[in-house]
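> For reference, the sequence and a predicted model appear below.
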Amino acid sequence: MKSLEHKTGLIFDLFFCIVFMPLLAVVGPARYWWSSFPVFAVLAVSYLYGCYFATKRLDLPKLILSKSYYKISVITLVFLVLTYLLTLYPLPEVDFVIPSMSEYQTRVRNYNVAISLWFMFSIVICYSLTISFVKELYERMLLQNIAENQRNKAELAAFKAQISPHFLFNTLNSLYSLVIGTSPKAEDAFIKFTELLKYSYVTTGNEYVALSDEISYIQNYIDLQLIRLDSHTKVEWTCSVDNEETLIPPMIFLTFVENAFKYGASTSRDCTIYIDLRLSGGELTFTTENMVLRHRDEFRKEMPVGLENCKSRLAGLFPGKHSLTTTDDNSIFKVSLTIDLN
């Protein structure tokens with residue numbers, strides 16, 4: 001994906017540098033500058049090259065889409081000021097027999113040069129913005145296709161692996177009737193397990209679910225794990241959200257929670273698994289932290305693959321609006337996910 005994006009950008013850059021800009025400098029208004037004032041011509045063309053790459057570097061389309069109007073205003077003002085200062089470059093005067101005509105012709109020439117420079121500046125900025133928007137649209141289409149393909153694969157895998165939901169839940173209801181009265185703890189665990197299965201089946205084809213449903217799923221998963229584990233493993237699970245009805249893609253936290261228990265739980269050593277979920281002002285943060293106590297070799301081999309899959313899914317769902325970082329320091333593994341849901 002990154003390689004394809006790099007190649008696409010490189011093609012656009014080469015076309016601008018080798019074809020577009022040389023044509024503008026030789027065939028456009030600047031063709032007369034090379035013989036009359038070459039220093040100014042070189043300075044103007046270099047400035048226009050700089051405008052193109054600066055516009056690409058600043059990634060104006062993302063600023064526009066994210067409504068960062070203050071940054072856009074500052075950048076626009078800087079470009080306008082620099083272009084205006086370049087139009088004030090002292091050009092040689094036009095020599096006429098009549099001094100007054102020389103002064104008049106010099107003013108006319110300077111005015112025409114300034115208009116030509118502004119025209120070329122506008123052409124370059126329009127080209128750069130057009131290319132940037134096309135590239136942004138192309139990248140988003142690729143990311144969307146990747147996300148859709150992964151979702152289709154997940155749905156297909158679930159379809160192949162699943163038993164008939166009606167048969168499964170009818171069987172669970174029958175088993176539940178046998179469990180009732182035997183043990184309150186077993187009854188509660190059975191209910192939570194049933195809710196986990198039901199949530200997995202129901203959300204398979206859903207694009208979004210309420211955050212409250214995802215929170216309940218995590219809580220049930222933690223409760224079931226604590227039943228299996230003993231007092232050596234503790235879980236610090238904190239949740240603070242300002243809107244539980246916020247819609248998010250289903251099971252985007254599951255991989256991180258599963259890995260925290262898979263590698264960080266123990267029945268012989270004291271350990272703590274930290275899980276934190278927060279939502280404030282449309283910014284969602286999710287973190288897990290645990291010691292890597294088991295399957296160290298498997299962790300080193302499988303964790304990077306799992307993280308890449310998560311990064312690909314997040315890139316398709318929230319392009320340019322999320323960050324996922326991991327640290328592994330002294331056998332303490334930490335995952336930090338931030339998503340801008342605005």
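Received, thanks.
> what bridges to Thr287?
Asp276, Ser336 (DSSP bridges).
> At which residues are the strands of the stretch 101-250 of the chain located?
209-210, 233-241, 247-248 (DSSP state E, counting those that start in this stretch).
> Give the other helices and strands that the longest one contacts.
The one in question is strand 233-241. Judged by 3 or more Cβ pairs under 8 Å, 6 or more residues apart in numbering; DSSP states H and E, the packing partners of strand 233-241 are helix 211-228, strand 271-280. Using the backbone N, CA and C atoms, a C-beta is placed for each residue, glycine as well.
> nearest to Phe190, of the ones you listed?
helix 211-228 (10.0 Å; Cβ to Cβ).
> so what's the closest residue in space to Phe253 that isn't next to it in sequence up against?
The shortest distance from Phe253 to any non-neighbouring residue, by Cβ to Cβ, 6 or more residues apart in numbering, is to Phe286 (5.5 Å). Applying Cβ atoms under 8 Å, 6 or more residues apart in numbering, we find Phe286 in contact with Phe253, Phe256, Asp276, Leu277, Arg278, Val335, Ser336, Leu337.
> Report the buried members of those.
Buried members of the contacts of Phe286, scored by 16 or more other Cβ atoms under 10 Å, are Phe253, Phe256, Leu277, Val335, Ser336, Leu337.
> Quick check: Cys239 vs Ile222, distance?
From Cys239 over to Ile222 the distance is 11 Å, taken as Cβ to Cβ, to the nearest Å.
> More neighbours: the two, which one.
The residue with more neighbours, out of Cys239 and Ile222, is Ile222; 18 against 15, by other Cβ atoms under 10 Å.
> Helices along the stretch 101-250 of the chain, start to end?
Under the criterion DSSP state H, counting those that start in this stretch, helices of the stretch 101-250 of the chain are mapped to 165-179, 184-202, 211-228.
> Could you give the average pLDDT over the first one?
When you say that, I think you mean helix 165-179. Mean per-residue pLDDT for helix 165-179: 57.
> again, but for the longest one
In this model, helix 184-202 has an average pLDDT of 75.
> Can you list the buried residues in it?
Those would be Ala189, Phe190, Lys192, Phe193, Thr194, Glu195, Leu196, Tyr199, for helix 184-202 by 16+ other Cβ under 10 Å.
> and which of those residues is nearest Thr106?
Taking Cβ to Cβ as the measure, Thr106 lies nearest Tyr199 of these, at 78.5 Å.
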